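> What would the 3D arrangement of this be:
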Amino acid sequence: MIDFKEIIGHERPIQILKNRIKFEKIGHSYLFTGKEGIGKKLTAIAFSKAISCTNLSKEQNPCNQCTACLKILKGISADFNIISPQNSIIRIDQIRELKRNIYFQPLENKKKIVLIDNAERMTTEASNSLLKILEEPPDFALLILITAFPDAILPTILSRCCRLLFKPLSIEHQRKILLGNSSLDENQLENLMRLSYGSPGKALSLAGNHQKLIVKDHYIDSLVKIRPQELSNFIFNPEKIFPDIMDYFQDFVEIMILWFRDMLFLKMGMEKHQLIFQEQISSIQEYANYHSRKSIIMILEYLTSIPEELEKHINQNTLLENFFIRLGDE
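Just a heads-up that it's a prediction; the model follows:
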């Protein structure tokens with residue numbers, strides 16, 4: 001069951017939400033921010049259930065048994081809706097549909113609640129349309145925007161939302177979530193935590209896709225074997241060292257971001273136990289010695305821009321070639 005009691009970590013934002021319910025100060029719009037896969041959406045659903053529940057506990061936990069709770073859980077509530085990206089973006093038509101429905105009184109519950117997942121993916125037109133709703137929301141409406149990238153959302157939208165920050169989960173919390181949701185052994189768990197960079201949601205997704213996990217491991221093994229000055233030589237034949245790179249391009253990019261992040265942290269004098277690839281310290285150090293801090297930062301800036309470029313339908317081969325070219329520039 002999705003419930004405040006079942007959510008691991010995030011005690012502070014959850015207590016804030018419980019207090020809002022207890023003292024009937026719920027408000028009209030919230031922004032849940034924090035890195036991907038750490039529980040923002042689960043908390044938003046638990047909050048929605050608690051607001052709608054007809055048998056709420058003294059601790060403001062939903063009962064999970066009343067009609068309102070069950071309908072939200074099954075996704076069939078007339079007064080609860082989740083808007084998600086379609087083909088990577090949230091379109092104006094989706095927000096227009098929201099606008100047509102949001103001003104009608106709720107049919108069954110106290111509030112009409114809408115979650116906007118990956119809210120940073122709203123087009124400019126969709127954002128402007130949502131802003132008009134936020135400027136004059138009906139008393140019974142609640143909008144919850146969920147995002148890992150609040151800076152990509154219009155400042156005028158941000159200013160109208162109560163912002164709750166979901167901090168990265170501790171290692172203990174990550175371990176508890178993974179052990180409770182999968183049949184991983186200790187070695188697999190450690191590997192997944194490392195490759196998912198502290199995101200239990202991403203780790204569970206990887207756990208269900210063994211091929212992607214194998215590919216990511218191959219990428220790390222390849223980086224250890226290749227000298228940094230040799231890496232840019234594979235610009236026209238990257239699959240020679242990175243298997244199935246075009247099929248798992250985004251996984252390759254994620255690994256590169258973590259790899260160069262560790263290099264930058266070493267350059268900055270950060271403690272080695274704070275690095276992701278602790279078993280590859282000597283290789284990371286060799287790469288860090290080869291690249292200047294300025295070069296590492298430029299490469300990281302390019303790597304982090306790739307997901308956005310992919311959404312613009314930029315060819316993967318072009319993006320990959322540009323990455324290898326940057327590896328050779330000092």
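> Domain ranges for the protein, per the record?
Domain ranges of the chain: 4-165, 209-328, per automatic domain parsing.
> tell me how far the ends of the first one are from each other?
When you say that, I think you mean domain 4-165. 16 Å (Cα to Cα, to the nearest Å).
> For the domains of the chain, give me CSV that also has mean pLDDT and distance to Arg175.
For glycine as for every other residue, the C-beta is placed from the backbone atoms N, C-alpha and C. Shown next, in CSV, are those (pLDDT from 0 to 100; distance: least, Cβ to Cβ, whole Å):
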stretch, mean pLDDT, distance to Arg175
domain 4-165, 93, 10
domain 209-328, 81, 16
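> so of those domains, which one's packed in deepest?
Greatest average neighbour count among these goes to domain 4-165 (a mean of 18), per mean count of other Cβ atoms under 10 Å.
> how far out from the middle of the chain is that domain?
16 Å (Cα atoms, centre = their mean, to the nearest Å).
> again with stretch 313-323
23 Å.
> Which residue, neighbours along the chain excluded, lies closest to the most centrally placed residue in the chain?
What sits nearest the mean C-alpha location of the chain, by Cα atoms, centre = their mean, is Glu36, with 1.8 Å. Excluding the flanking residues, the one nearest Glu36 by Cβ to Cβ, 6 or more residues apart in numbering is Ala148, at 4.5 Å.
> is it true that that neighbour touches Leu31?
No - checked against Cβ atoms under 8 Å, the pair Ala148 and Leu31 is beyond contact range at 11.5 Å.
> tell me the helices in the stretch 101-250 of the chain, going along the chain?
Assigned by DSSP state H, counting those that start in this stretch, the helices in the stretch 101-250 of the chain fall at 124-135, 155-158, 171-181, 186-195, 200-207, 210-225, 228-231, 249-267.
> Give the other helices and strands that the longest one contacts.
Right, the one you point to is helix 249-267. helix 210-225, helix 281-290, helix 293-311, helix 316-328 (3 or more Cβ pairs under 8 Å, 6 or more residues apart in numbering; DSSP states H and E).
> want to throw those helices into a markdown table with distance to Asn61?
A markdown table is the format used below for these (distance: least, Cβ to Cβ, whole Å):
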| stretch | distance to Asn61 |
| --- | --- |
| helix 210-225 | 35 |
| helix 281-290 | 45 |
| helix 293-311 | 37 |
| helix 316-328 | 46 |
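> between those helices, which gets nearest to Lys132?
Closest approach to Lys132 among the helices and strands packed on helix 249-267 (Cβ to Cβ): helix 293-311, 25.0 Å.
> got the angle between the closest one and helix 249-267?
160 degrees (axes from the mean of the first three to the mean of the last three Cα atoms, to 10 degrees).
> what's in contact with helix 293-311?
With contact meaning Cβ atoms under 8 Å, 6 or more residues apart in numbering, helix 293-311 is reached by 88-89, 250, 253, 256-257, 260-261, 263-264, 267-268, 288, 291, 316, 319, 322-323, 326-327, 329-330.
> Need the helices of the stretch 101-250 of the chain in CSV (columns: distance to Leu42).
What follows is these, written out as CSV (distance: least, Cβ to Cβ, whole Å):
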stretch, distance to Leu42
helix 124-135, 23
helix 155-158, 22
helix 171-181, 10
helix 186-195, 19
helix 200-207, 9
helix 210-225, 23
helix 228-231, 39
helix 249-267, 22
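> Pretty sure Ile146 sits against Leu115.
Yes - the criterion here is Cβ under 8 Å, and Ile146 meets it with Leu115 at 6.3 Å.
> can you list residues touching both of the two?
Lys41, Ala44.
> out of the helices and strands packed on helix 249-267, which comes closest to Tyr103?
helix 293-311 (31.5 Å).
> tell me the angle of that closest one relative to helix 281-290?
Using the same axes, to 10 degrees, helix 293-311 lies at 100 degrees relative to helix 281-290.
> what angle sits between helix 293-311 and helix 316-328?
180 degrees.
> which non-adjacent residue is nearest Ala46?
Phe4 is the one closest to Ala46 (Cβ to Cβ, 6+ apart), at 4.9 Å.
> correct me, but that neighbour touches Pro13?
No - taking Cβ under 8 Å as the definition, Phe4 is not a contact partner of Pro13, at 10.4 Å.
> which residues do these two both contact?
By Cβ under 8 Å, 6+ apart, the residues touching both Phe4 and Pro13 are Thr43.
> quick revisit: what's the closest of the helices and strands packed on helix 249-267 to Cys162?
helix 293-311 (27.5 Å).
> Between the two ends of stretch 24-36, what distance do you get?
30 Å.
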